[in-house]
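Visitor: got a predicted structure here, sequence first:
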Amino acid sequence: MRLFYYFLLLFLISTSFSHSKDKAYFAGGCFWCMEESFEMLEGVEEVISGYSGGITANPTYREVTYGDTGHFEVVEIIYDKEKISYKELLKNFWLNIDPFDAYGQF
């Protein structure tokens, strides 16, 4: 029974911290360029690179870069809403993106 209370306590602690966390996704050409810009912002806890869209299941970097998979490089931003707003994340995105580039190169 003691083990049950231990897991219950851990669950309650972990869920209480997660209320201020949120996720946002941005596609801007090169995810390595986007990673650095977002990682420097206070309140951003994690930046994860990946792909969105496309027709190839589980594509490799080489397939996306040199092939015709239809994927875009994307970053998932995990951030603390109490330290940084989505609006501030968007501002960072628009300050670094080139909307006239066909691929939105960051």
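Guide: Sure thing, it's come through.

Visitor: residues contacting residue 79?
Guide: 21-24, 41, 43-45, 89 (CB atoms under 8 Å, 6 or more residues apart in numbering). From N, CA and C alone the C-beta is placed, and that goes for glycine too.

Visitor: out of those, which sit inside helices?
Guide: Per DSSP state H, helices hold the following members of the contacts of residue 79: residue 89.

Visitor: with distance to residue 61 and neighbour count added, can I get the contacts of residue 79 in CSV?
Guide: Formatted as CSV, the contacts of residue 79 follow (distance: CB to CB, whole Å; neighbours: other CB atoms under 10 Å):
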residue, distance to residue 61, neighbour count
21, 28, 13
22, 27, 15
23, 22, 11
24, 22, 15
41, 25, 16
43, 29, 15
44, 23, 20
45, 24, 12
89, 25, 19
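
Visitor: what about the contacts of residue 79, which are in strands?
Guide: 21-24, 44-45 (DSSP state E).

Visitor: just give me the closest of the residues you listed to residue 76.
Guide: residue 23 (6.0 Å; CB to CB).

Visitor: so what touches the host helix or strand of residue 35?
Guide: Applying DSSP states H and E as the criterion places residue 35 in helix 31-39. Identification of contacts with helix 31-39 by CB under 8 Å, 6+ apart yields 26, 28, 44, 47, 49-50, 73-75, 77, 89, 92, 96, 105-106.

Visitor: great, nothing more from me.
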